[in-house]
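# The sequence and its predicted three-dimensional model are supplied below.
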Amino acid sequence: MTRFNRRSLLKGALTGGTSVCLGLPLLDQWMGAHGETLSGGQPIPTRFGTYFWGLGLTDTPAGGSRWVPTKTGYDYDMMPELESFRALKDKVSVFSGFRVIGDGKPNVVHWSGHASILAGGAPDRTGEMIGPSFDNKVADAIGATTRFRKLDITPTGDPKANYSTRTGSAFATPETTPLALYTRLFGEGFQDPNDPNWAPDANIMLRKSVLSAVGEQRRALMADVGRNDQIKLDQYFTSLREIENQLAIQLERPAAAEACVIPEEIAESKKSITIDVVNKNTRIMAKLLAMGLACNQTRVFNFVHTPGTSTTYIAGEPKTYHQITHDEPTDAELGYQPETSKLAGLVMEGFGIFLEELNAIEEGNGTVLDNSLVMAFSDTGYAKIHSLENIPVFFAGKAGGRHKAGQHVRMEGEPVSRLSLTAMELAGASAGEFGVGAMKSSKLIEEVVSQGGDNAI
Amino acid sequence: MLRRLIIPGLAGFAAIGGLLSYTAFAEGGKSSSAIVVASNELATVLAPEELEQVGERESFISAYRRLTESQYRHAIADIFGDDIKVEARFEPERREEGLQAVGNAQLSVTTSGLEQYYSLARSISRQVVSAERETDYLPCDVTSSKDAARKCADEFVQEIGGKLYRRPLTKAERTLTLTIWDASAEGKDDYTQAFEHALTSLLISPEFLFRTEVAERVDDSDAFQLDAYSKASRLAFYLWDSPPDAELLEAAARGDLNTLDGLSVQVERLLDSPRFDLGVRAFFTDMLHFESFETLTKDTMTYPKFSQAVADSAREETLRFLIQHLVDDEGDYRDIFTTKKTVLNRTLAAVYNVPYPSREEWTTYEFDEDTERSGILTQVSFAALFSHPGSSSPTLRGKHLQEIFQCTKIPDPPADVDFSKVQAIEEGTVRERLDAHRTDPTCASCHILMDPAGLALENFDSLGQFRTLENGDPIDVSADIFGQEYSGATGVGEYMKSNPQVVSCVVQKAYAYGKGRKNDYREGQFLNSKTEEFADAGYQLKDLFRSLLTDPKFYEVEVPEGLSARTDSASLTTKAPASGGN
C-alpha cells in the first residue's frame, strides 16, 4: 500500500461527501518500521504545527551571534538565546543561514520573512501573501479526519495575530485567550474518546442536513459573481463543509485515545501583552493544545506567540520590544544589543514552555512532542536592520520518528522554502516542490529526514 | 431637471402586504423593468469592455460585503427584538485605504468564524422559538395539524426570510428552507424543532451574512444600476448601520428608490430618525480605527489609572461627542478639532482630572478656556490609541493625524534604515530622542509630515493625561508645520481647522465608506464638487450624507473582474421574472 492510495481514498471521500468512517489502509511507510501504536492497536498520528515569534534573534553584523551554534550536526552547543529549550535540545533541530530571496520584490518589513516561509515566495505588500500558507496543505493531507482540520492560537489577545491563509489575503481568526481555546476544544461538540457509554446524538444528523441544504445553494450563488467574490464564496462553502465534517465525526464512535484526559475548566485570564503574561498564557494554551492533540481533536495547529512587529514589553518599561530592537545601539564591547538580546531570551522562553507542555503528555513509547513536528520561525533574522538573511528556524519534535532531531544544520544562502518543503515531508504531506521563482525548491534537507527504521523515538 | 416617470398602473405593482407583495410583480414578465422609463438618470452606462463582460445578463452580483458585528447585532435586534442574546466573538475586519468598509471587500468567513456564526444561529433560533419568550414569533401553534403547521412555516419563512435577506426570497430559496422544515418535522407532532432548524438555515446563509449588491440592466439599454433592494440596503446600512425597515423595503418594491423624488423621501426619513445616530457611530468607529480598542492595553505600573473601563469610556466619549456636536448641535465639522466641549462620565473625569458635575451617567462638559484640552485630538481615545503601552508616541499620533483626518498616506519606513542615528537616551524629552528624524534627510522626508504635530501633542501622555514635564524636563510643544508656527494641542487644532485637506478627506471617506471600495482617481472632480457643496452648507455632516446618498453616482455599478461564466440564461437574482415569484 502506498501513500498515494491512502491519499486518493481520503480525497475521494471528501469530494464525494462527508462520510469519514473509512477503512483506511495502514500507513506502512509512516508506521511500519518506526511508527508508534497504542495498546488498542490504533496508530498514533503525526501532528504538525507552526510556532511563530516576532523580531528574530540576535545575530549582529559585528559577528556576535547569540543563537547560531558554532558546531553543526548532533550535539550542538547551546547558545544564550536558545537556553530555554536546553532540556529538550535532543528533540530540536536548529537551522541557520537560510534566507528570503526577494526576486526583486521589496523587503516588506516584519512581513516578508514569514510570508515567504509560509507561501513560498516574497510578498508584494504587508497583509498579503502570494498564495495559501502551507499549513493548509498539511491540514488537508493529515487533518481531514479530526474534528478540527487545524487550530489557530495566539496568547496575545490579538485576533489579527495569525498568518494562516487559504487565499493569500484573508487570514484565519485565532483563539486569543485560554478560555476561548478551552471552549473550542472541550466545550460543546467535544466527545470523550474514552467514554464507554458513547452513543450518537440523533439530532446531529438533522443538524448536518441543515448545513448540507445551505451548501446546495453554492452553484446558484457562484454563477453571477466576479473572481474576487468567487474566492470569498468558495471560502465560505469550504468553511461550511468543514463544519458539516465536524458533525459527521460526532456521529462516529471516537477512537480511544489513552493519553486523553479532559482538562478542568479554566477561568478568563488577564488582558495584557507584557512578556510575563504572554508566556503565562502560552503555558496554559500549550497545555490545552497538547491535550487537544492527545484527544484527537486536531492534528494541525498554528501558534503565534507574538506577532511580527512585536509590541510585547517588560512590565513597567516605557519601550516595547520592537522599539528597543531599533533604538538600542550595539554595545561596542559585547558586539550585540544587550537589552534586545535579553528580550529575545524572554520571548524564546515562550518556545521552551510550549515544547515542555507538548512533551509533558506521554503516549505510546514517547510523548505528544515525539509524535509531532513543530516548525518554529520568525519574521526577520537580525531585527535591528530588518534582515532577511539567517532567519532562525527550528524543527521540534520527532514527527513519529521521521525527523532526525537534535542537529544544527547550517546552509548559507539557501532559501527558507526548502525548510517548508522538508517540514511538509516530515509531517506526512509530501509536496514534491514548494515555492516560486528563486525560492522554488524541490530538495529536501536530507540531514534531518529519516530514510528508514533507524530513528525510533 | 428631468424626473423619471413612474407608471403606477403596472400589473402586480401594488404593495399588498408590504414585503411579500414582491411575488406579484415578478409575474408581469418584462414589465418589472418598466418601472424605470424615460431616462437613465439613476443608472450608469457601462463602457464597451465592461458590457462585453456582462454579456447577455440582465443582472449580476457586483459585490458581497460581510456584515460587520454591529450590523449583525442591529439586524437581530430589529427582526427578533433586543431581548435576544447575541453572544459570540466576531472575526476581525480588515482595513484598507484607511477604511474597514473598503478592506471588507477582501473578507470571507473562515472556519472558526463560521463556527461562531453557526453557534449563534442555533442560539438565536432556539431563543426565537422558545415557548418562554414573551413575544411569540411563531405565527401559529407548533402542535397543530401538520398541514396547518406547514402552511404557517411557509409564511414564517417568507416573512422572516425576507427580513433577513433584505429582499423577498426566491421560490428556490423558499422551497429549500421548507425542505429543511420537512426533514425536521418528519414523524413528529411538535414542530418547534422544525421551525428552529429552518431559521438556523436562514441565519447561516451567505445571503444573510453578506450584503449582496445586485446590479440590474435598465430596460433594454446598456445601462446598469444597483437594483432597488440593494439600494435599500446600502441606504439603511449607511444611515442606520442596520438592515432596511419594512417601509424602506416597500419603497424598494414599489420602485420608489429608482426615482430621485422617491429616493430623497427615504433619505430624508432615515436622516431624521433617531437611528441616524447608529449610522454616525458606525462611520466614525471605522474612520477613527476604533477596532483598536479591542487590543488596547497600557502598562499599569506606569499608568495606574488605566483600566478596561477607561478604554470603554474613552471610545464612548468620542462617539457621544461627535453625535452631540455634528448631529444634535448641527455643528461645523471643522470645529471637532477646536471645541472645548465634550461628553464625559465619572471614569474619564478622573483621567482628565476635572470634577464630575453630574448625577447622570454621562454629561456634556466644557473645559476651561485656558486649558489645552480642545477637540478630538486631546481626547483620551486619540491620545491613548496612538501611543505605546508605556510611553506616548509623537510619530504614531502624527501619522494617524495625517492618515485619518487628511487622507495622506505615509509610506512604510525603508527596510534598511540606519537606526544608529536614533539616540537611545533615556533622559530628557522625546523631542531630543527624535532629533534624527528631523536631521537625517532619509528620515526627514516622511517624518516631517508626522513628528511636528505629534510633538505639539506631547503634553498628553500615553493615557491622555495632561503633563508639562517628561523625565523631569519641561516639554516643548512648539511646532513648525509646513512653515507655520503652532504651539501645543490648541495650535494643532487650529491648524487642522484651517486645513482644506481635512474637509476634502472626510468627503472622500464618506463616499468610499458607502461604496465599499476605494475611490477611483476619475472621481476626483465629482468629489471636489461634493466638497464644495459641503463647505457651502456650513460643513454639516447631514448635508454631506444627504448630498452623497441622493446622487446617482452613489449607486453606480462597477463590473467585477472575472465575472463567472453563465451556467444558464435566466437571471438568478430575485429581480428577475424567471425566478422571482411562484
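Yes, it's here.

# okay, CA-based contacts and neighbour counts for the rest of this
OK.

# Around chain A, which positions in the stretch 251-400 of chain B sit nearby?
Within the stretch 251-400 of chain B, the positions lying close to chain A (Cα under 8 Å from any Cα of the partner chain) are B:295, B:297-302, B:388-391.

# ok, now with 6 Å
Residues of the stretch 251-400 of chain B lying close to chain A by Cα under 6 Å from any Cα of the partner chain are B:301-302, B:390-391.

# Could you export these as a markdown table, including pLDDT?
Listed next are these as a markdown table, based on pLDDT from 0 to 100:
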| residue | pLDDT |
| --- | --- |
| B:301 | 94 |
| B:302 | 95 |
| B:390 | 94 |
| B:391 | 94 |
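
# contacting residues around residue 66?
I went with chain A, as the question did not name one. Residues in contact with residue A:66 (Cα atoms under 6 Å, 6 or more residues apart in numbering or on different chains) are A:58, A:79-81.

# my bad, the chain I had in mind was chain B
B:209-210 are the contacts of residue B:66 under Cα under 6 Å, 6+ apart.

# Report the separation between residue B:59 and residue B:167.
Distance of residue B:59 to residue B:167, given as Cα to Cα, to the nearest Å: 15 Å.

# And the contacts of residue A:66, which of them are buried?
Buried members of the contacts of residue A:66, scored by 16 or more other Cα atoms under 10 Å in any protein chain shown, are A:58, A:80-81.

# Run through chain B and note the low-pLDDT ranges.
Chain B contains residues with pLDDT under 70 at B:1-44, B:134-136, B:417-426, B:564-582.

# For it, list the residues in contact with chain A, please.
Contact residues (Cα under 6 Å from any Cα) of chain B with chain A: B:60-61, B:107-111, B:301-302, B:390-391, B:415-416, B:419, B:424, B:560-564, B:566.

# Among these, which ones are in strands?
With DSSP state E as the criterion, strands contain B:60-61 from among these.

# Mind checking which of the residues of chain B next to chain A land in helices?
residue B:111 (DSSP state H).

# For the chain, which segments are assigned as strands?
Just so you know, I chose chain A. Counting by DSSP E, the strands of chain A are A:47-53, A:73-74, A:92-96, A:151-153, A:300-304, A:362-363, A:366-367, A:372-378, A:393-396, A:407-410.

# try again with chain B
So, for chain B - with DSSP E - the strands run B:44-45, B:59-66, B:210-217, B:223-226, B:341-344, B:363-366, B:469-470, B:473-474, B:478-481, B:484-487.

# Determine the set of other helices and strands touching the third one.
If you count contacts as 3 or more Cα pairs under 6 Å, 6 or more residues apart in numbering or on different chains; DSSP states H and E, strand B:210-217 packs onto strand B:59-66, strand B:223-226.

# do that again at 8 Å, thanks
Packed against strand B:210-217 by the contact rule (3 or more Cα pairs under 8 Å, 6 or more residues apart in numbering or on different chains; DSSP states H and E) you find strand B:59-66, strand B:223-226, helix B:228-240.

# Could you spell out the sheet neighbours of it, each with its direction?
Strand B:210-217 has its sheet partners listed here by DSSP bridges as strand B:59-66 (antiparallel), strand B:223-226 (antiparallel).

# And for the residue of the stretch 251-400 of chain A found nearest chain B, the neighbour number?
Nearest to chain B, among the residues of the stretch 251-400 of chain A, is residue A:318, at 4.0 Å (Cα to the nearest Cα). Using other Cα atoms under 10 Å in any protein chain shown, residue A:318 is surrounded by 18 other residues.

# In contact with the closest residue to it other than its chain neighbours, which residues?
Among residues not flanking residue A:318 along the chain, residue B:390 sits closest, at 4.0 Å (Cα to Cα, 6 or more residues apart in numbering or on different chains). Contact analysis of residue B:390 by Cα atoms under 8 Å, 6 or more residues apart in numbering or on different chains lists A:316-320, B:298-299, B:302-303, B:462.

# Widest-spaced pair of those residues?
For the contacts of residue B:390, with distances taken as Cα to Cα, the pair at the greatest spread is A:320 and B:303 (15.1 Å).

# Kindly state the domain boundaries assigned to chain A.
Residue ranges for the domains of chain A, per automatic domain parsing: A:1-32, A:46-196+A:259-448, A:199-252.

# Which stretch among those is buried most, on average?
domain A:46-196+A:259-448 (a mean of 22; mean count of other Cα atoms under 10 Å in any protein chain shown).

# Report the mean confidence score over that one.
Mean pLDDT, computed over domain A:46-196+A:259-448, is 95.

# circling back: now, of the strands paired with strand B:210-217, which is deepest in the fold?
Among these, ranked by average contacts under mean count of other Cα under 10 Å, first place goes to strand B:223-226 (a mean of 26).
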